[in-house]
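S.K.: predicted model follows, preceded by the sequence.
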Amino acid sequence: MTTRLVPMTTYPWRSRVSRRTVLRALGTGATGVLLTGCGGSTRGPANVADVAPADFSARFAGFTPETEPNGDLANVVWPDYVVDAGPEIKRLYEFQVTHGELMRYMPCFCGCNLEAGHRSNRDCYIKEVSPAGVVVFDAMAPT
């Protein structure tokens, strides 16, 4: 197979665009990229500590948290559906048992509040915690 060399004069764009025009366009583009990348940014502060915390109070204004006592993991008898679900699911249940003061502020978004009367995300995991720390679980979460 032979390669045929084509003279430069056969490219029609060659006669219309000079090397100077191409270099000027490349230089302008590179300058724009440098100014954009290295210039000051108005997207936000560079230091995370300078960021004001977001106020989500309007989103949860209609949500009334219930008091949720913590359970005692030493008193927990793990149901088969938690043990059979594996260690990750068990850790979720353990967190719910020991962090009632936090999870009472987490509304459930799956709609179980309408069907099962759940008041928070914790109700998907725990039905009741007695004053002695004994926990009665809800089977809804792993299903």
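M.R.: Good, I have the coordinates.
S.K.: report the mean confidence score over stretch 93-108.
M.R.: For stretch 93-108, the mean pLDDT works out to 85.
S.K.: what's the end-to-end length of that stretch?
M.R.: 15 Å (CA to CA, to the nearest Å).
S.K.: would you mark the buried spots in that stretch?
M.R.: Under the neighbour-count criterion of 16 or more other CB atoms under 10 Å, stretch 93-108 has Tyr93, Glu94, Gln96, Val97, Gly100, Met103, Arg104, Met106, Pro107, Cys108 buried. Heads up, the C-betas are built off the backbone N, CA and C, glycines and all.
S.K.: so what's the residue count around Trp78?
M.R.: Counted with other CB atoms under 10 Å, the neighbours of Trp78 add up to 14.
S.K.: and the nearest residue to it once chain neighbours are set aside, helix, strand or coil?
M.R.: The spatially closest residue to Trp78, leaving aside those adjacent along the chain, is Lys90, at 6.9 Å (CB to CB, 6 or more residues apart in numbering). Here Lys90 takes the helix state, with states given by DSSP: H, G, I helix; E, B strand; the rest coil.
S.K.: cool, and Trp78?
M.R.: Assignment for Trp78 (three-state DSSP): coil.
S.K.: that one contacts Pro87, correct?
M.R.: No. Between Trp78 and Pro87 there is no contact under CB atoms under 8 Å: 11.3 Å.
S.K.: Pro79: neighbour count?
M.R.: Neighbour count for Pro79, taken as other CB under 10 Å: 16.
S.K.: ok, it - contacts?
M.R.: Applying CB atoms under 8 Å, 6 or more residues apart in numbering to Pro79 gives the contacts Phe137, Ala139.
S.K.: again, 7 Å this time
M.R.: Phe137 (CB atoms under 7 Å, 6 or more residues apart in numbering).
S.K.: pLDDT weak spots in the protein?
M.R.: 1-19, 22-23, 25-27, 29-49, 51, 56-66, 68, 113, 142-143 (pLDDT under 70).
S.K.: alright, I will stop here.
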